[in-house]
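A.B. asks: 3D model of this:
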Amino acid sequence: MSIYVGNLSYEVTEADLTTVFAEYGSVKRVQLPSDRETGRLRGFGFVEMGAESEETAAIEALDGAEWMGRDLKVNKAKPREERGGSSGGGRRSNNFDRRY
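C.D. replies: The predicted structure is shown next:
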């Protein structure tokens, strides 16, 4: 399982996150997604730890904690939803998503 870390500073690095989460156990992987067009970090990331108990400890300790001037949002990551089609983006159009 993975941990979602939101409301991150745009200055954060993978090494920064690794250091903070290592206080709660072994960090297996850190991902910081960036915007495809600008290359700028998107303000959130994902951390994978060695054991579920370590993830739970990190979530309980860090959710709502202030770090680098921001209040972190830390919780279990939700599985990524499949995107329809192979066009790689755009707005899905069907009659069910209209709002009146």
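
A.B. asks: could you use CA atoms for every contact and neighbour count after this?
C.D. replies: Noted.

A.B. asks: show residues contacting the longest helix along the chain.
C.D. replies: Determined from DSSP state H, the single longest helix within the chain is helix 52-62. Residues from elsewhere that reach helix 52-62 (CA atoms under 8 Å, 6 or more residues apart in numbering): 1-3, 21, 24-26, 48-49, 72-76.

A.B. asks: what's the helix or strand encompassing residue 4 packed up against?
C.D. replies: For residue 4, the enclosing helix or strand under DSSP states H and E is strand 3-6. Where contact means 3 or more CA pairs under 8 Å, 6 or more residues apart in numbering; DSSP states H and E, strand 3-6 is packed against strand 44-49, strand 73-76.

A.B. asks: mean pLDDT and mean neighbour count added to these, as TSV?
C.D. replies: As requested, those are arranged in TSV below (pLDDT from 0 to 100; neighbours: other CA atoms under 10 Å):
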stretch	mean pLDDT	mean neighbour count
strand 44-49	97	22
strand 73-76	97	18
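
A.B. asks: now distance to residue 56 too, for the ones you listed, in TSV please.
C.D. replies: Converted to TSV, the helices and strands packed on strand 3-6 look like this (distance: least, CA to CA, whole Å):
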stretch	distance to residue 56
strand 44-49	10
strand 73-76	8
